[in-house]
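*Asks:* pasting the structure only:
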């Protein structure tokens, strides 16, 4: 458990002000040349792996669907991708993670995980068919047992890698949901190309067209009805990793069991979805209505509730830094409101330019990370680098204060709740009684120049006939 002071050092105190040559980039903003040699090797190897996986999966899908089927499948499969990515990015607006992590997650799902699934599923189904001499049962067993295990494990690998090697970016349930959902979106994108391209090839052979075609039916099921299917399964794994991230490092058993439980739950949901077609004529619709839709609604509620809880954490933890002088007094309220944050960025963009708006957005992200860091430290879940990490974030805030503070002050003035102040002068109530209240107060002449006060709600000094 890391120890930390009740209040950070004031920036004007000795040792409190950031040095002129302080860190200018957090670890995910560093350029390639600033990375250590081992980091460059790791990034290079990962990039090469994903690129090779993409080329191989492209060749395999094109081989199974043909060039024309591949192009049709690609055009149809890309339709839900922007909507899903926008939804996950919206969930991540409280503490937005770096684009690099999301790009890796999508590429892993679309390339590496899809390649692992195609190769492993084909090999396992072929082996079962050879061992049992029953191809139909091998296809059913492969879809309901083998495919969920292989696919969910392949997608969970991306979440595990971000959890291990981007630990600072993986701080809670929302981060797990976003990484898992983006990975599954990439996987579903490649899988939809394969299914839609194959369906188009079948229609070309049979001559079917229009709404009665296999392509239309596949598009309706996979893109219209259930574009969230794969993200929904993998989100359970992300929630397990997110809860593990909230646990103290000394609770190693919990940090292993929670992700494993989420992965098993994802496999179970996936197996039920794949096996719904074998439950009878209406099995698919029964599983869709009884399990998929309620699970989707429950997870959506959980994630939005967690998002609001994060905003409350920001409002509760940042006043300590306002007392110490690192933040202005209104900033904890502004940074704990998504509407106020948006207004601050808009104000900066309108008055100072787009670069200033990006600076304000980074200021908001750093302040949120600072609040979460202090919350983990207060609960005994901060790492040994708590003080170093806190100082890095405070330096990032201090560097951007000249642009961020006017924008946040404007947002505070716009969004601050109105506090009614009772007038200090007598007023006539609705019943004609005389007393103090909120009733209408007619303008009375000024004791000095005889002109009425323009605003009856503005307090004025009591009349004193002996005052010169």
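*Replies:* That came through, no problem. Not measured: the values here are computed from a predicted model.
*Asks:* burial of residue 378, as a residue count?
*Replies:* Residue 378 has 13 neighbouring residues, counting by other CB atoms under 10 Å. C-betas here are computed from N, CA, C, even on glycine.
*Asks:* wait, a helix at residue 294?
*Replies:* Yes: counting by DSSP: H, G, I helix; E, B strand; the rest coil, residue 294 falls inside a helix.
*Asks:* any idea how far it is from residue 288?
*Replies:* 10 Å (CB to CB, to the nearest Å).
*Asks:* the two - which one has more neighbours?
*Replies:* residue 288 (17 against 10).
*Asks:* phi, psi for that one please.
*Replies:* phi -60, psi -50 (degrees, to the nearest 10).
*Asks:* that one touches residue 229, doesn't it?
*Replies:* No: look at residue 288 against residue 229 with CB atoms under 8 Å: they stay out of range, at 9.4 Å.
*Asks:* hey, where'd the helices end up in the stretch 1-150 of the chain?
*Replies:* Taking DSSP state H, counting those that start in this stretch as the criterion, the stretch 1-150 of the chain contains helices spanning 37-77, 81-91, 99-107, 114-132, 135-141, 147-165.
*Asks:* most packed of these?
*Replies:* Comparing these by mean neighbour count (mean count of other CB atoms under 10 Å), helix 147-165 ranks first with a mean of 22.
*Asks:* counting by contacts, list what that one packs against.
*Replies:* helix 99-107, helix 114-132, helix 173-206, helix 229-246, helix 252-274 (3 or more CB pairs under 8 Å, 6 or more residues apart in numbering; DSSP states H and E).
*Asks:* packing partners for the first one?
*Replies:* It stands for helix 99-107. Using 3+ CB pairs under 8 Å, 6+ apart, helix 99-107 sits against helix 37-77, helix 81-91, helix 147-165, helix 173-206.
*Asks:* now these as a markdown table including mean pLDDT and distance to residue 124?
*Replies:* Output for these, formatted as a markdown table (pLDDT from 0 to 100; distance: least, CB to CB, whole Å):
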| stretch | mean pLDDT | distance to residue 124 |
| --- | --- | --- |
| helix 37-77 | 87 | 16 |
| helix 81-91 | 92 | 28 |
| helix 147-165 | 94 | 7 |
| helix 173-206 | 93 | 17 |
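*Asks:* chain neighbours aside, what residue packs nearest to residue 341?
*Replies:* Excluding its sequence neighbours, the residue lying closest to residue 341 (CB to CB, 6 or more residues apart in numbering) is residue 364, at 5.3 Å.
*Asks:* ok, how many other residues are close to that neighbour?
*Replies:* 29.
*Asks:* helices or strands up against the helix or strand where it lies?
*Replies:* In the assignment (DSSP states H and E), residue 364 maps to helix 354-378. When contacts are defined as 3+ CB pairs under 8 Å, 6+ apart, helix 354-378 packs onto helix 293-317, helix 331-335, helix 338-352, helix 386-399, helix 401-415.
*Asks:* need the winner for burial among those.
*Replies:* Buried most deeply of the helices and strands packed on helix 354-378, by mean count of other CB under 10 Å, is helix 331-335, with a mean of 25.
*Asks:* give me the contact list for that helix.
*Replies:* Applying CB atoms under 8 Å, 6 or more residues apart in numbering, the external contacts of helix 331-335 come out as 314-315, 318-319, 322, 340-341, 344, 364, 367-368, 371, 405, 408, 411-412, 415-416.
*Asks:* which stretch among the helices of the stretch 1-150 of the chain comes nearest residue 299?
*Replies:* helix 81-91 (10.8 Å; CB to CB).
*Asks:* what angle do helix 229-246 and the closest one make with each other?
*Replies:* 20 degrees (axes from the mean of the first three to the mean of the last three CA atoms, to 10 degrees).
*Asks:* what about helix 81-91, distance to the chain center?
*Replies:* 9 Å (CA atoms, centre = their mean, to the nearest Å).
*Asks:* what does stretch 295-315 give?
*Replies:* 10 Å.
*Asks:* then stretch 333-343?
*Replies:* That offset, for stretch 333-343, works out to 17 Å (CA atoms, centre = their mean).
*Asks:* next up, the contacts around the nearest residue in space to residue 109 that is not next to it in sequence.
*Replies:* Excluding the flanking residues, the one nearest residue 109 by CB to CB, 6+ apart is residue 186, at 3.0 Å. Residue 186 sits next to 105, 106, 107, 108, 109, 110, 111, 113, 114 when contact means CB under 8 Å, 6+ apart.
*Asks:* quick check, nearest of those to residue 76?
*Replies:* The closest of those, once distances to residue 76 are taken by CB to CB, is residue 110, at 15.5 Å.
*Asks:* contacting residues around the closest one?
*Replies:* Residue 110 neighbours (CB under 8 Å, 6+ apart): 54, 57, 186, 187, 189, 190.
*Asks:* repeat the analysis, applying 10 Å as the threshold.
*Replies:* Neighbour list for residue 110: 50, 53-54, 57, 81, 183, 185-191, 193 [criterion: CB atoms under 10 Å, 6 or more residues apart in numbering].
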